[in-house]
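Chemist: Mind looking at a prediction? Sequence and model below.
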Amino acid sequence: MLKNFLKFFIAFTVYSVCFVNADSSLVNSNAKKSVTIEYTKQGVLRKEDQCSVNFVNFGIKNDILNISVKKEDESNGSFNLRISELKNGNEGLNHSKTGYRFTDDEIKNYVKINQNDVEIVDFEIVSVKNGIFSLLIKNLKSCNGLTIKQTFKSEAIMSSYLLYANVKPTDINHAFNVAEFGPSANDVPYDVIHWNMNSGLDRLREQCRIYIDFYGRENSSGDYHWVWYLSTDNINGEKCDNTAFFKAAKESYIDYDQMDELFGEYYEGYVIKREGSENGHMDGILVNQKYLIEIYQNGCNEQNKDQVICTISSNKKLSYKDFQKEFIENCLSVIIDEEEKPEWNVDASGIKAKFSQYTINMENYNRGTLPTSETETVTYKEFKAATSSGIARFSINTECGEGSYIGDKCRCQACPVNCTSCLDGNTCVECEEGSILVDGKCVCDKGFIANEEGVCVIEPTTTIKVEETPTEEALEPDTEEEEVEVSKVNDDIEDAVDSADEEDTVEEEEKIIIPKKSTKTFKKVIVKCRVKNHHKELSL
């Protein structure tokens, strides 16, 4: 189970630590007699006569015992401390996913040294070979309170799995057969998530006194990395149970949403590890749940057909009615509106849920079977290791209604505006009236224009309003008073003309007439009157 059999003896200290001596072969043969190890909440304290150093994130047991610590005295009374056989945990970390290779020159950036809480920067990396490095700390006066901590450049990428037997193994820290795990027993994880190794290792050490355990060195995708394990099978100074272990570790996952959506609070990881594959693994079990249904998606290019899209866990085998209810509540990734009540149908071919805009067809998928009538229950594949638990797998196919397509997360989504039928969110095959298909796009046809929503509507016509000149009838006075005044003006003009024969000068009396206010609007009309002078020139 463990690499070494450990003998513990009790020491009463403020840290409530345990001391460990390893009895297996050592690279540093002198350490067997001269070195003891204390596992504290601050790290792994390597105690030796000439110098005791606290190591953090460099492993346990022989990883620490094999470290070489040597003083090199200086003439000024200080000394340099040469420390060898340190494992580079950053080697090969996420190389295949991120595209970068952690270089030897970066090691110093991720080694933190302090003495009694004062940072030491006067050190250098002096050698690196086969994933192991040495460093030299300069100008020390003593070793008291000296801590060397390895930090990590990036998060560890973890693929999440479930042990179908649903019982935590008694022997955890080794590889298992992939067929024992879900989903699908085909090495397709429930999700790929990222674990912050810096905060995660701190929490496990401080809460449980559990430390990273380095095993051998592996080559994957052309890059070497160290195999390591974290579980309650490691040094577990606080005797944390699996629930406490996972609670401490879970807080450092930075993108755990999909796992929460799949399992809620029922999933409990029992190991975080990096073995020979490109990614690390988190393996777990279900707690307080006996039966599990995995739902897979068919007929969707966006979704791997071996990728679980939702799960239904329960403490009993589900009836047909129970399955309907749990499917709606747990599979929101494919349900557009959980309040909508679909029309259900069940027969030997499977189960169908017809919604207003789409239909979901369900069928069996290699483990367990769906009910074939309203009176039957779901059947599960049960395991010998835990006869009270079982697994069932079903696949679904979504048929989208007119004007929609299978989109992100395999849900029906509306076609682009003006499309009546489309292949995806960018490619139309049929268009609404008023638009035409051009290179997979529905564009407005002649005589149509896009409104604010982009919908093609009839282009409005422009009307020009022409103001007409009022007719004579329209210019007639509105009141009797106006007629009287105009008549009077005409009479005055005639009198003036008649008197022109008798007088040399004709005085025209002008009278300003102020008409009553009218509600009508008239176009301004200027009337010019020409008065002919009839008088004759008199001779003297």
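Modeler: It's in.

Chemist: Helices of the protein, start to end?
Modeler: Per DSSP state H, the chain carries helices over the ranges 31-34, 62-65, 95-98, 197-208, 242-250, 257-263, 320-330, 472-475, 480-498.

Chemist: Restricting to C-alpha, output the first one in CSV.
Modeler: As requested, C-alpha coordinates have been extracted for helix 31-34 and formatted as CSV (Å, rounded to 0.1, in the frame of the first residue of the first chain):
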residue,chain,number,x,y,z
ALA,A,31,20.2,9.2,7.1
LYS,A,32,19.0,5.9,8.5
LYS,A,33,20.9,6.5,11.7
SER,A,34,21.2,10.2,11.8
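
Chemist: Enumerate the positions of that helix that are buried.
Modeler: A31 (16 or more other CB atoms under 10 Å). No exception for glycine: its C-beta is placed from N, CA and C like everyone else's.

Chemist: Then the fourth one?
Modeler: Buried residues in helix 197-208, counted by 16+ other CB under 10 Å: 197-198, 200-205, 207-208.

Chemist: Any chance of those in JSON lines with pLDDT and distance to S349 as columns?
Modeler: Listed next are those as JSON lines, based on pLDDT from 0 to 100; distance: CB to CB, whole Å:
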{"residue": "M197", "pLDDT": "97", "distance to S349": "49"}
{"residue": "N198", "pLDDT": "98", "distance to S349": "53"}
{"residue": "G200", "pLDDT": "98", "distance to S349": "47"}
{"residue": "L201", "pLDDT": "98", "distance to S349": "52"}
{"residue": "D202", "pLDDT": "98", "distance to S349": "54"}
{"residue": "R203", "pLDDT": "98", "distance to S349": "50"}
{"residue": "L204", "pLDDT": "98", "distance to S349": "50"}
{"residue": "R205", "pLDDT": "98", "distance to S349": "55"}
{"residue": "Q207", "pLDDT": "98", "distance to S349": "52"}
{"residue": "C208", "pLDDT": "98", "distance to S349": "51"}
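
Chemist: Pull out the buried positions in stretch 139-158.
Modeler: Using 16+ other CB under 10 Å as the test for burial, stretch 139-158 gives 140, 143, 146-158.

Chemist: ok, so what distance separates G92 from T103?
Modeler: Distance, G92 to T103, by CB to CB, to the nearest Å: 12 Å.

Chemist: which of those two has more neighbours?
Modeler: Legend: neighbour count by other CB atoms under 10 Å for G92 and T103, higher for G92 (23 against 10).

Chemist: you'd agree the more buried one is up against V227?
Modeler: No - using CB atoms under 8 Å, G92 is not in contact with V227; the gap is 10.5 Å.

Chemist: From G216, how far out is E399?
Modeler: Using CB to CB, we find E399 at a distance of 51 Å from G216.

Chemist: just to revisit the earlier point, turn the buried residues of helix 197-208 into TSV, including distance to E278.
Modeler: Formatted as TSV, the buried residues of helix 197-208 follow (distance: CB to CB, whole Å):
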residue	distance to E278
M197	16
N198	21
G200	20
L201	21
D202	26
R203	25
L204	24
R205	27
Q207	29
C208	28
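
Chemist: Pick the one among these closest to D122.
Modeler: Among the buried residues of helix 197-208, N198 lies closest to D122 (CB to CB), at 23.5 Å.

Chemist: OK, contacts around that closest one?
Modeler: Contact analysis of N198 by CB atoms under 8 Å, 6 or more residues apart in numbering lists 151-152.

Chemist: one more time with 10 Å
Modeler: With contact taken as CB atoms under 10 Å, 6 or more residues apart in numbering, N198 is in contact with 57, 110, 149-155, 252.

Chemist: Inside strands: which ones of these?
Modeler: Cross-referencing the contacts of N198 against strands under DSSP state E gives 149-150.

Chemist: I'd like the distance between the residue nearest to the spatial centre of the chain and L262.
Modeler: The centroid of the chain falls nearest to D255 when counting by CA atoms, centre = their mean (7.2 Å). For D255, the distance to L262 (CB to CB) stands at 13 Å.

Chemist: which residues are in contact with both of the two?
Modeler: Shared contacts of D255 and L262 (CB under 10 Å, 6+ apart): D191.

Chemist: ok, E399 and G216, which is more surrounded?
Modeler: Of the pair E399 and G216, E399 is the one with more neighbours under other CB under 10 Å, namely 14 against 10.

Chemist: ok, how many other residues are close to the residue lying closest to that one once chain neighbours are set aside?
Modeler: Closest residue in space to E399, ignoring its immediate chain neighbours: T359 at 4.5 Å, by CB to CB, 6 or more residues apart in numbering. Other residues within reach of T359, judged by other CB under 10 Å, total 18.

Chemist: Kindly report the same for the one 5 residues further on.
Modeler: Counted by other CB under 10 Å, the residues lying close to N364 total 15.

Chemist: again with P460
Modeler: As a burial measure, P460 scores 7 neighbours (other CB under 10 Å).

Chemist: and the residue nearest to E399, what are its bridge partners?
Modeler: For T359, the beta-bridge partners are K354, E399 (DSSP bridges).

Chemist: Kindly report the same for R46.
Modeler: Residues in beta-bridge contact with R46 (DSSP bridges): I37, V53.

Chemist: distance of it from E218?
Modeler: Note on R46: its distance to E218, by CB to CB, is 26 Å.

Chemist: Settle it for me: which of the two has more neighbours?
Modeler: The neighbour comparison of R46 against E218 (other CB under 10 Å) goes to R46, with 22 against 15.

Chemist: about what we covered before: can you pull the contacts of the residue nearest to the centre of the chain?
Modeler: By CB under 10 Å, 6+ apart, the contact set of D255 is 155, 191-195.

Chemist: Please apply the same query to L332.
Modeler: For L332, the contacting residues are 261, 310, 338, 411, by CB under 10 Å, 6+ apart.

Chemist: Got the domain ranges for the chain?
Modeler: Split into domains by automatic domain parsing, the chain comes to 6-150, 156-286, 291-406, 415-458.

Chemist: And the second one, end to end?
Modeler: If I follow you right, that is domain 156-286. Terminal residues of domain 156-286 are spaced 23 Å apart (CA to CA, to the nearest Å).

Chemist: what about it, distance to the chain center?
Modeler: Its chain's C-alpha centre and that of domain 156-286 lie 21 Å apart, by CA atoms, centre = their mean, to the nearest Å.

Chemist: for the first one, same thing?
Modeler: Taking CA atoms, centre = their mean, one finds domain 6-150 lying 38 Å from the centre of the chain it belongs to.

Chemist: quick one: contacts for A244?
Modeler: Shown in contact with A244 (CB under 10 Å, 6+ apart): 204, 207-208, 210, 232, 236, 238.

Chemist: Recalculate using a threshold of 8 Å.
Modeler: Counting by CB under 8 Å, 6+ apart, A244 has contacts 207-208, 238.

Chemist: Check V429 too.
Modeler: Taking CB under 8 Å, 6+ apart, we find V429 in contact with 419, 421-423, 437, 440.

Chemist: Scan those and report the most crowded one.
Modeler: C419 (24 neighbours).

Chemist: what's the nearest residue to that residue if we skip its chain neighbours?
Modeler: Distances taken as CB to CB, 6+ apart place C428 nearest to C419, at 4.0 Å, with adjacent residues excluded.
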